[in-house]
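**Q** Sequence and predicted structure are below.
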Amino acid sequence: MTDGQQWGQPPYGQQPPYGQPQPYGQQSPYGQQPYGQPQPYGQQPYGQAPYGQPPYAPQPYAQPGWPTAAWPYGPGRPGTATAAAVLGFVTGGLTLLGSFVMLIATLSGDDDPATVVLALGLPCAAGLITGGVWLMQRRSATTLFWSAVAALAVLALALVVALVAMDGDDQVGVLAFVLFACVLPAVTAVFARLKVVTDWVAAGRF
């Protein structure tokens, strides 16, 4: 031990013996900080999140979307409703054309009792077209249904009149026409009254 070396201090560059504390005011060799001393400012220990930041990323707020309809099968229109509306357009168009021809025949004087009755199909045609539009807009299926029923009633009335006031081949002709013409309004009425269609329309009111 030299004179300049104090008692209990290890030689320069050597660590103190095990179990002996560091002399006061001396730093640990190799630039290492002793255990328990704070980290330098701006540095965080490994595995710890920086100050002020949560350890886990926060969940984003729920993004608002389109309002969901009360219809349990989604906001889309069921295919049967579309089919009923299209049938209403087709039936209404054909009824309008046929009734217009019957009206012209009635006004020209070349008519018979069944032709006069069939001319009453004009209001039914207007109701079928209007009902198809309203069904596509999810407003109502009732107009389409009752317009189809009214068209069937006009056809049935024309058949009854033909059986009472006409004879022979005229009755057969009216019967064939009625059987052919009643198919579309009957199918339209059935489709417009299906539960899936009425439930879809009712759900759109809420």
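**A** That came through, no problem.

**Q** pull the longest helix from this protein.
**A** helix 79-108 (DSSP state H).

**Q** Could I get the average pLDDT for it?
**A** Mean per-residue pLDDT for helix 79-108: 92.

**Q** Just the buried positions in that helix, please.
**A** Residues 80-81, 83-85, 87-92, 94-96, 98-99, 102-103, 105-106 are the ones in helix 79-108 that count as buried (16 or more other Cβ atoms under 10 Å). All C-beta spots, glycine's among them, are computed from the backbone N, C-alpha and C.

**Q** State the next helix or strand along the chain beyond that helix.
**A** helix 113-118 (DSSP states H and E).

**Q** Show me where this structure dips below the pLDDT cut-off.
**A** For the chain, the stretches with pLDDT under 70 are 1-75, 110, 206.

**Q** tally of neighbours for residue 172?
**A** 12 (other Cβ atoms under 10 Å).

**Q** Helix, strand, or coil at it?
**A** At residue 172, secondary structure determined by DSSP: H, G, I helix; E, B strand; the rest coil is helix.

**Q** and if you look at residue 147?
**A** Residue 147 ends up helix, using three-state DSSP.

**Q** what do you get for residue 127?
**A** helix.

**Q** Quick check: it touching residue 153?
**A** No: counting by Cβ atoms under 8 Å, residue 127 stays clear of residue 153, with 12.0 Å between them.

**Q** Comparing these two, which shows the higher neighbour count?
**A** residue 127 (22 against 14).
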